[in-house]
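*Asks:* No sequence on hand, only this structure:
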């Protein structure tokens, strides 16, 4: 299974549009947003994905009702644990809960720091895709997880 992971897009619709086009062109089974979309107008771009998506609110997402409405309830208050294709994913924004995630969760996804992270802990893979917005970072980025072989690629814009 192929899963796209984005976070901290911070209303950068140019980069968000690039990521959406990338997943639509290259395929993915799901796309997950780890928070900080920020405004409902930016969330509209997620609706252009040709595959299912979901995500959680981040600390800069102020208009929760608008984001939930635009996305049809696909963006919710985290943390969120969801099973996809036999793998359990824990999704949240801030990294403060990483150490409390159950060991039966395959993938731990978070954002907030704007820094890429790929850490293996026992059978768990912890991933921060970096910031899609590109703010307060060396580059904008997102991640692609291949659950069949455990590989994760970071895509830098």
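*Replies:* Okay, I see it. Since the model is a prediction, treat every value here as computed from it, not as a measurement.
*Asks:* Give me the longest helix you can find in the chain.
*Replies:* Under DSSP state H, the helix in the chain containing the largest number of residues is helix 13-26.
*Asks:* Buried residues in it, which are they?
*Replies:* Within helix 13-26, the residues that count as buried by 16 or more other C-beta atoms under 10 Å are 15-16, 18-20, 22-23. Every residue, glycine included, has its C-beta placed from N, CA and C.
*Asks:* Residues touching it, excluding its own?
*Replies:* The contact list for helix 13-26 (C-beta atoms under 8 Å, 6 or more residues apart in numbering) reads 4, 6, 9, 31, 41-42, 45-46, 48-51, 132-134, 140, 142, 155, 157.
*Asks:* Which helix or strand lies directly C-terminal to that helix?
*Replies:* strand 30-33 (DSSP states H and E).
*Asks:* Is residue 79 in contact with residue 91, as I believe?
*Replies:* Yes - between residue 79 and residue 91 there is a contact under C-beta atoms under 8 Å: 6.7 Å.
*Asks:* Common neighbours of those two, please.
*Replies:* Both residue 79 and residue 91 are contacted by residue 56, under the criterion C-beta under 8 Å, 6+ apart.
*Asks:* higher neighbour count, those two?
*Replies:* A side-by-side neighbour count of residue 79 and residue 91, using other C-beta atoms under 10 Å, places residue 91 first with 25 against 17.
*Asks:* quick one, what contacts the residue with the largest distance to the centre of the chain?
*Replies:* In the chain, residue 122 marks the outermost C-alpha relative to the chain mean, sitting 22.0 Å out by C-alpha atoms, centre = their mean. Residues near residue 122 by C-beta under 8 Å, 6+ apart: residue 103.
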